[in-house]
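Undergrad: Model the following, please.
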Amino acid sequence: MQIQPEHVDRIARVLDKIEADFVERDEAFSQTAKAKELLVRGLIFLTVLVALINIYFVNNLREEVSAMTTAMVEMNSHFGSVSVRMDNLTITVHDLGKRVRMLPIVADQMNEIADLVQNLDGDVHQIEGVISTTGQRIGAMGLDMQDMSMRFRKLNDIVAGMGRDVDHMARPVP
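TA: Numbering: from 1, shown residues only. Reported below is the predicted structural model:
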């Protein structure tokens, strides 16, 4: 049995149409694969960028805390020297009080010095108020750091989710 030429032509046309459909689908799949690849690369770049920003802010926060700690240590040493000076001044005032009893002119001068010491005592109370305020600010900064830590944890969770999404998108299409 022989195949007729019109059947051969018809089969050739069907095969040509099937081949054209395959070429068209192959091009569409290739474009889709390129788009997905670009999307995956973009997401990876974004994830790396977010991680770098996270590292930058954590490092910046560490430097701020370090600078604050250094300033607090410096302030503490200044308060220590003020305390020593105040102790010395108290001893001096006490000694002067003993001498004042002997000399009436010195007693008037001691009253003036006592007023100055009271003013100094008021200044010390103000310094204590500043220390208290500073302590409160440090407490608030601690809360702010906890808040930032929680935000970074949330950001890390988001980045991890993006990583899972990228991993899912990078898998071959079945």
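
Undergrad: how far is the longest helix seen in the chain from where the chain is centred?
TA: Ranked by residue count, the top helix of the chain under DSSP state H comes out as helix 5-100. Centroid displacement of helix 5-100 relative to its chain, using Cα atoms, centre = their mean, to the nearest Å, is 9 Å.

Undergrad: for this protein, which spans come out with low pLDDT?
TA: For the chain, the stretches with pLDDT under 70 are 1, 99-104, 106-107, 174.

Undergrad: got the contact list for I113?
TA: Counting by Cβ atoms under 8 Å, 6 or more residues apart in numbering, I113 touches V93, L96. All C-beta atoms are positioned from the backbone trio N, CA, C, and that covers glycine.

Undergrad: State the helix or strand in which it lies.
TA: If you go by DSSP states H and E, I113 is part of helix 104-170.

Undergrad: how big is the angle separating that helix from helix 5-100?
TA: Relative orientation of helix 104-170 versus helix 5-100 (axes from the mean of the first three to the mean of the last three Cα atoms, to 10 degrees): 170 degrees.

Undergrad: and I3, helix, strand or coil?
TA: When classified by DSSP: H, G, I helix; E, B strand; the rest coil, I3 comes out as coil.

Undergrad: how near is it to D9?
TA: 10 Å (Cβ to Cβ, to the nearest Å).

Undergrad: now the end-to-end length of stretch 98-109.
TA: With Cα to Cα, to the nearest Å as the measure, the ends of stretch 98-109 fall 13 Å from one another.

Undergrad: Show residues contacting stretch 65-75.
TA: For stretch 65-75, using Cβ under 8 Å, 6+ apart, the contacting residues are T134, I138, M141, M145.

Undergrad: Ok, stretch 119-139 next?
TA: By Cβ under 8 Å, 6+ apart, the surrounding residues in contact with stretch 119-139 are M68, M72, M75, F79, V82, M86, L89.

Undergrad: Report how many residues lie close to the third one.
TA: When neighbours are defined as other Cβ atoms under 10 Å, M75 has 13 of them.
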